[in-house]
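In: dropping the sequence and predicted coords here.
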Amino acid sequence: MLRNIRVLIAKPGLDGHDRGAKVIAHTLRDAGMDVIYTGIRQSPEMIAEAAFQEDVDIVGISILSGAHQQLIQEIAELLKKQGGNNPLLVVGGIIPSEDKKTLYECGVSEIFGPGTSTNEIVTFIKKSVNLQ
């Protein structure tokens, strides 16, 4: 039996602006995915633990604080150490183009910047997650 794609949406660090994360969470739910939204001000450890406990296929990080390099690299490392089903890591927010290469190298699958259509995000996730 085919199961729904499971997505964790998280806001790491001190960034308290969560409107975009909530829009994405609602969009993914409307697209038939199971979405867990952890809320704002989550530590990398809290995000990795929630991803493991919830057995998610995708971890979506929403970040606008400028602390993306350190926080996302730490989250990527913790997800790899955690084991489990090795969820894809995607990022949404304001990421300078000169920082994207480093994020892709540490394990980010895709970066969605301002203006990305919600349709594009749903399509990427559905194409990227192979459920058997």
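Out: That came through, no problem.

In: what are the contacting residues of the host helix or strand of V23?
Out: Remark: V23 resides in helix 19-30, with elements defined by DSSP states H and E. Under the contact criterion C-beta atoms under 8 Å, 6 or more residues apart in numbering, helix 19-30 has outside partners 7, 9-11, 35, 37, 60, 62, 64, 92-93, 118, 121-122, 125. From N, CA and C alone the C-beta is placed, and that goes for glycine too.

In: so which of those belong to helices?
Out: If you go by DSSP state H, the contacts of helix 19-30 have T118, I121, V122, I125 in helices.

In: which of the residues you listed sits closest to A51?
Out: I125 (14.8 Å; C-beta to C-beta).

In: what about that closest one, how many residues nearby?
Out: By the criterion of other C-beta atoms under 10 Å, I125 has 21 neighbours.

In: chain neighbours aside, what residue packs nearest to it?
Out: Spatial nearest neighbour of I125, excluding adjacent residues (C-beta to C-beta, 6 or more residues apart in numbering): I58 at 5.8 Å.

In: quick one: contacts for that neighbour?
Out: I58 makes contacts with I5, R6, V7, L8, P87, L88, L89, V90, I125, S128, V129, as judged by C-beta under 8 Å, 6+ apart.

In: so what's the closest residue in space to T118 that isn't next to it in sequence scoring on pLDDT?
Out: Closest residue to T118 apart from its sequence neighbours, by C-beta to C-beta, 6+ apart: T27 at 4.3 Å. Per-residue pLDDT puts T27 at 97.
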